[in-house]
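In: sharing a sequence plus its predicted fold:
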Amino acid sequence: MTEARRFDSAGLRAARADKPKARDRDLAQELGVSEAELLAAHVGHGATRIAAHPDRIMPELAAFGPLMALTRNESCVIEKTGVYANYSGGGHAGLIANGEIDLRFFPAHWITGFALERETAAGLRRSIQLFDAAGDAVHKIFLTDASDATLWEPFVAGLREAEQGETLAVAPRAPVEAPFGNPDRAADLRDHWGRMTDTHQFLSLVSRLRMNRLGAYRIAGEPLARRLAPEAVTRALEAAAAGEVPIMIFVGNRGCIEIHGGPVRNVVGMGPWINVLDPGLDLHLRQDHVAEVWAVDKPTRRGPAVSIECFDAEGGLIAQIFGVGKAGPDAIAAWQAVVDAQPTARTEPAEALR
């Protein structure tokens, strides 16, 4: 970001004005700044700094009615429309789960927040945008035509921070943790994996064995983990849509995970993107970023939790797709058939495990 230091706040606003249709994320990357720095330059010009903690923000949102929730990582974006009801906070994590909006929050990564008002071709657009220490977005919330906009001004006033500066200091972006495993503990991995009773036990299990998620998948082998062809994510989404198979899609970053539960219907390819374009759900995934895909089987008290999970070239998790256990045995069997139909990858990962 050294080149970016040529821009002061006025320069960043001018660059924004020159490209009104550009997405903030894309423009910030072009200018060599973080997205949060670009928004900070607009404080007093449509942007207001607000408290960033979910415990301050989330309890107030249900009154607005339908809102659009957006969460993304470098390779995938998910947008769900619904009401932010049933928030439960916590020191390490918080959640909203109500059928329409399903989110997991990790407050340690919610560092900077903005309330943004921006004129667009479709009219005034209002949003709440939250960022991590590096200035990368962890979650965004947009008012919709059905939202109660009369609540906006008191909502923002209640969250407004005393410091309203136009500049923002950001930290270096944390690198993606590369895959690592412990081949000497392969037998222990398979043994403990087979005795799990809940999927949430998995990360603590592999951590105890000095591995991470992708490193463990590479070591475990079938039937616990089967490497699939890179196009399996697209094929699975298309098959789920064709068969009306309900699925759960998890997309996240360090600060937030957003989940869709239910069917997908309109799966469309556009260039490198595979998209789901349904009422209340938009999903956009860069197929060309997918380096590894795994079919994973984790035992639980309620039966196997079978997923298709995709990773980028650095080992970062892009997205996970599961069946919907609450939909019943027929739906789970249909999802298992979708997974089983995906071709195994021709080659195994060549990267050495450390």
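Out: That came in fine, so what should we check first?
In: what number of residues lie near residue 30?
Out: 12 (other CB atoms under 10 Å). Where you see a C-beta, it was placed from the backbone N, CA and C, and this is true even at glycine.
In: in this structure, which spans are helices?
Out: 9-18, 24-31, 35-40, 54-57, 152-159, 186-194, 202-208, 213-220, 232-242, 329-340 (DSSP state H).
In: and the contacts of the third one?
Out: Yep, that's helix 35-40 we're talking about. 4, 9, 12, 16, 24-25, 27-28, 31, 47, 49, 112, 114, 116, 129, 131, 135-137, 165-168, 170 (CB atoms under 8 Å, 6 or more residues apart in numbering).
In: can you flag the buried ones in the residues you listed?
Out: 4, 9, 12, 16, 24-25, 27-28, 31, 47, 49, 112, 114, 116, 129, 131, 135-137, 166, 168, 170 (16 or more other CB atoms under 10 Å).
In: about what we covered before: I'd like the helices of the chain as TSV, with distance to residue 289 and mean pLDDT appended.
Out: TSV is the format used below for the helices of the chain (distance: least, CB to CB, whole Å; pLDDT from 0 to 100):
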stretch	distance to residue 289	mean pLDDT
helix 9-18	27	94
helix 24-31	15	94
helix 35-40	19	97
helix 54-57	28	96
helix 152-159	34	98
helix 186-194	27	97
helix 202-208	23	95
helix 213-220	15	97
helix 232-242	11	97
helix 329-340	21	96
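In: for stretch 48-63, buried residues please.
Out: Buried, per 16+ other CB under 10 Å, within stretch 48-63: 48-50, 52-54, 56-58, 60-62.
In: an error on my part: the question was meant for stretch 261-275.
Out: 261-264, 267, 273-275.
In: now those in a markdown table, with distance to residue 143 and pLDDT?
Out: Output for the buried residues of stretch 261-275, formatted as a markdown table (distance: CB to CB, whole Å; pLDDT from 0 to 100):
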| residue | distance to residue 143 | pLDDT |
| --- | --- | --- |
| 261 | 24 | 96 |
| 262 | 24 | 96 |
| 263 | 27 | 96 |
| 264 | 25 | 97 |
| 267 | 28 | 98 |
| 273 | 26 | 97 |
| 274 | 28 | 97 |
| 275 | 23 | 98 |
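In: quick test: name the residue nearest the centre of this protein.
Out: Nearest to the mean C-alpha position of the chain, by CA atoms, centre = their mean, lies residue 252 at 2.2 Å.
In: from residue 318, how far out is that one?
Out: Note on residue 252: its distance to residue 318, by CB to CB, to the nearest Å, is 10 Å.
In: shared neighbours, the two?
Out: With CB under 8 Å, 6+ apart as the test, residue 252 and residue 318 both reach residue 73.
In: beta partners for residue 256?
Out: residue 105 (DSSP bridges).
In: that one reaches residue 136, doesn't it?
Out: No: contact criterion CB atoms under 8 Å: residue 256 and residue 136 do not qualify, at 11.2 Å.
In: what sits against residue 146?
Out: So residue 146 contacts 65-66 (CB under 8 Å, 6+ apart).
In: widest-spaced pair of the buried residues of stretch 48-63?
Out: Spanning the widest gap among those are 49 and 62, at 23.4 Å by CB to CB.
In: which among the buried residues of stretch 261-275 gets closest to residue 181?
Out: residue 274 (28.9 Å).
In: how far away is the closest one from residue 326?
Out: Distance from residue 274 to residue 326, by CB to CB: 26 Å.
In: do a quick rundown of the strands in the stretch 201-350 of the chain.
Out: In the stretch 201-350 of the chain, the strands defined using DSSP state E, counting those that start in this stretch lie at 225-228, 247-252, 256-262, 267-270, 273-278, 281-286, 292-298, 305-311, 317-323.
In: looking at those, which is closest to residue 153?
Out: Going by CB to CB, the one of the strands of the stretch 201-350 of the chain nearest residue 153 is strand 256-262, 25.6 Å.
In: against which helices or strands is the closest one packed?
Out: strand 67-72, strand 76-82, strand 102-105, strand 137-143, strand 247-252 (3 or more CB pairs under 8 Å, 6 or more residues apart in numbering; DSSP states H and E).
In: list the contacts of it.
Out: So strand 256-262 is in contact with 69-71, 78, 80, 99, 102-106, 130, 138-139, 246-252, 281, 283, 324, going by CB under 8 Å, 6+ apart.
In: hmm, 6 Å instead?
Out: 71, 78, 102-105, 138-139, 246, 248-251, 281, 324 (CB atoms under 6 Å, 6 or more residues apart in numbering).
In: what's near enough to touch residue 65?
Out: 146-148.
In: now the phi/psi pair for it, please.
Out: phi 80, psi -150 (degrees, to the nearest 10).
In: ok, now how distant is it from residue 146?
Out: 6 Å.
In: so who does residue 266 touch?
Out: Residue 266 touches 277-278, counting by CB under 6 Å, 6+ apart.
In: got a pLDDT number for it?
Out: If you check residue 266, the pLDDT there is 98.
In: low-confidence ranges, this structure, go.
Out: Within the chain, the stretches with pLDDT under 70 are 1-6, 347-354.
In: hmm, try it at 80
Out: Residue ranges of the chain with pLDDT under 80: 1-6, 90, 347-354.
In: re earlier: can you add distance to residue 180 and give the helices of the chain back as TSV?
Out: Output for those, formatted as TSV (distance: least, CB to CB, whole Å):
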stretch	distance to residue 180
helix 9-18	39
helix 24-31	29
helix 35-40	30
helix 54-57	31
helix 152-159	40
helix 186-194	13
helix 202-208	10
helix 213-220	4
helix 232-242	23
helix 329-340	26
